[in-house]
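Participant: turn this into a structure:
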Amino acid sequence: MVAATPHDLEAPDDTRLDEARVLVRRGRIEAAVAELRQLHAVHPEHVDAAALLLECHLAQGDLGAALTLGTLLEHADTAAAHHARAELASAIGEPELAVERFLAAGRAHDVHGLDLAWRAGAALALIRIGRRAEALELARDQHALALATGSPDDVALALRVLATADPGTGVARLREGLALLTETDGPDRLRAQLQTDLAGLLVLGGATGEALALLRPAELYAGREGLWPLQSRVRRLLDRLGEAPHRAESETLSVLTAAERRVAVLVLDGLTNREVADRLVVSVKAVEGHLSKVYRKLGVGSRSALVASVGPRQA
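Facilitator: Numbers count the residues shown, from 1 in each chain. Purely as a prediction, here's the structure:
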C-alpha cells in the first residue's frame, strides 16, 4: 500500500520527477525510465513517480514491471495513480475497468496535467466497449478544451482521439495533428503514433507510397526507445506493404549488459566520457571500461564507428 504523497519528497526529488515528466512529454521514454527507476529505488513510496514509471513500462511493452507497480498503487488516490492504473487496465484487456479509472483520474483534485489525458484514455476505452457515441462526445469535449487552454501538442492528441472516435474524419484529423507537431517540433512519441495511425488508413486506401514514408520514421523512433507495442503496429503495416523492417537500435544493443547499454545510449546521445560518468555517478575509468566492451561486442573500434553502426539518437 502506498501511503505517501508527492509532497513527502524533498525538492531535489520533485525536480527529478519534473525532469522525467519533461522527458516523457518529449517522447524520450528510455531516458525517463532510467531517471524514474533511480527515483523509485530511493523513494518507492512516491506515488506519482511510480505511476509515471508504470506508464513508461507499458509504452515499452514491459507488462510484468507495470503489473508490479500497479499492485503498489492499488490504494493510492492521486490523479496520476488512477490514470496509470487505467492505462494498465486497458493494456490487459479490461476496458470497462479502464473507463472507471480514467473517470476517477478526472475527479481527482490533483490533476497534474492529466486534465486532457484522462479524457483521451476514457474515450478510447469507451470505443473498445462499443460506447462510441459517449466516446465521440468526450473526444469533442477534449478537443474543445485543448483548443481553449492547451498547447498545440494537446490539440494534436485530441485530434488523434477524434480520428479514432469518428473514423470518417480520420485522415483529415491525423494530417491536421501532424501539421501542428511539425510546426512546433512536437513530441516524438505522439508524432510516431499519428504517423502510424495515418499510415494504417492510407494502406486501406491504397496510398502505399505515402504510408511507407510515414512508417519509416515511426519505426526508427519506436525502435530507439524500445516501444515494442508501437513497433509491432508499425511492422504489421510494413508487412502488409511487403516491406522488410529495419533493425532497431534496441535490437543492435541487445547483446550488451545493462551497464554497457546505459553507457552506449548516453554516448549515442553525444555525451563525453566525463559527462556519462557524472550522469551515471561512476568513475570515468568505469565508463571507459564499459565502452571498450561495447566496442568489442558490436565489432566497432571508435565512438564515431559506434554512432555509424547504430545511428545518432533523436534529440
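Participant: OK, contacts around the nearest residue to Thr184 once chain neighbours are set aside?
Facilitator: Using CB to CB, 6 or more residues apart in numbering and skipping residues adjacent in sequence, the residue nearest Thr184 is Pro152, 4.6 Å away. Placement of C-beta: from N, CA and C, glycine included. Listed by CB atoms under 8 Å, 6 or more residues apart in numbering, the contact set of Pro152 reads Leu180, Leu181, Glu183, Thr184, Gly186.
Participant: switch to 7 Å and redo it
Facilitator: Leu180, Glu183, Thr184, Gly186 (CB atoms under 7 Å, 6 or more residues apart in numbering).
Participant: quick one: distance of stretch 285-301 to the chain centre.
Facilitator: Distance of stretch 285-301 from the chain centroid (CA atoms, centre = their mean, to the nearest Å) equals 29 Å.
Participant: which residues sit against it?
Facilitator: Val255, Leu256, Ala259, Glu260, Val263, Ala264, Val267, Asn273, Val276, Ala277, Leu306, Ser309.
Participant: low-confidence ranges in the protein?
Facilitator: Low-confidence segments of the chain (pLDDT under 70): 1-12, 109-113, 247-251, 311-315.
Participant: ok, and for stretch 199-206, which residues are buried?
Facilitator: For stretch 199-206, the neighbour count (16 or more other CB atoms under 10 Å) marks Ala199, Gly200, Leu202, Val203 as buried.
Participant: once you drop chain neighbours, what's closest to Gln38?
Facilitator: Distance criterion CB to CB, 6+ apart; nearest residue to Gln38, sequence neighbours excluded, is Arg16 at 7.9 Å.
Participant: and Gly170, what is it in contact with?
Facilitator: Ala163, Leu201.
Participant: and Glu30, how close does it get to Ala148?
Facilitator: From Glu30 across to Ala148, the span is 34 Å (CB to CB, to the nearest Å).
Participant: tell me which of these two has more neighbours.
Facilitator: More neighbours surround Glu30 than the other of Glu30 and Ala148, with 22 against 7 (other CB atoms under 10 Å).
Participant: residue contacts, the more buried one?
Facilitator: For Glu30, the contact set (CB under 7 Å, 6+ apart) comprises Glu225, Gly226, Val265.
Participant: ok, and the most crowded of the residues you listed?
Facilitator: Result: Glu225 is most packed of the contacts of Glu30 (other CB under 10 Å), 28 neighbours.
Participant: look up the closest residue to that residue, ignoring the ones flanking it.
Facilitator: Distances taken as CB to CB, 6+ apart put Ile29 closest to Glu225, at 4.6 Å, once the chain neighbours are dropped.
Participant: kindly report the same for Asp153.
Facilitator: Asp153 sits nearest to Gly186 (CB to CB, 6+ apart), 4.9 Å away.
Participant: so how many other residues sit close to the one you found?
Facilitator: Per other CB under 10 Å, the neighbour tally for Gly186 reads 24.
Participant: how much space is there between it and Gln193?
Facilitator: Here the criterion is CB to CB. By it, Gly186 lies 11 Å from Gln193.
Participant: helices or strands up against the helix or strand hosting Leu23?
Facilitator: Assigned by DSSP states H and E, Leu23 falls within helix 11-26. Judged by 3 or more CB pairs under 7 Å, 6 or more residues apart in numbering; DSSP states H and E, the packing partners of helix 11-26 are helix 29-42, helix 47-59.
Participant: can you list contacts of the shortest one?
Facilitator: Put plainly, it is helix 47-59. Here helix 47-59 has contacts from 2, 4-6, 17, 20-21, 24, 29, 32-33, 36-37, 39-40, 43, 65-66, 69-70, 72-73, 76, 78, 80-81, 83-84, 87-88, 91, 112, 227, using CB under 7 Å, 6+ apart.
Participant: just the buried residues from those, in PyMOL please.
Facilitator: Here is the PyMOL command that selects the buried residues among the contacts of helix 47-59 (16+ other CB under 10 Å):
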select buried, resi 2+6+17+20+21+24+29+32+33+36+37+39+40+43+65+66+69+70+72+73+76+78+80+81+83+84+87+88+91+112+227
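Participant: which ones are touching the residue nearest to Arg85 when sequence neighbours are not counted?
Facilitator: In space, and not counting its chain neighbours, Arg85 is closest to Arg101: 5.1 Å by CB to CB, 6+ apart. Residues counted as contacts of Arg101 (CB under 7 Å, 6+ apart) are His82, Arg85, Ala86, Ala89.
Participant: dump those to a markdown table, plus distance to Ala123.
Facilitator: As requested, the contacts of Arg101 are exported to a markdown table (distance: CB to CB, whole Å):
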| residue | distance to Ala123 |
| --- | --- |
| His82 | 16 |
| Arg85 | 17 |
| Ala86 | 12 |
| Ala89 | 15 |
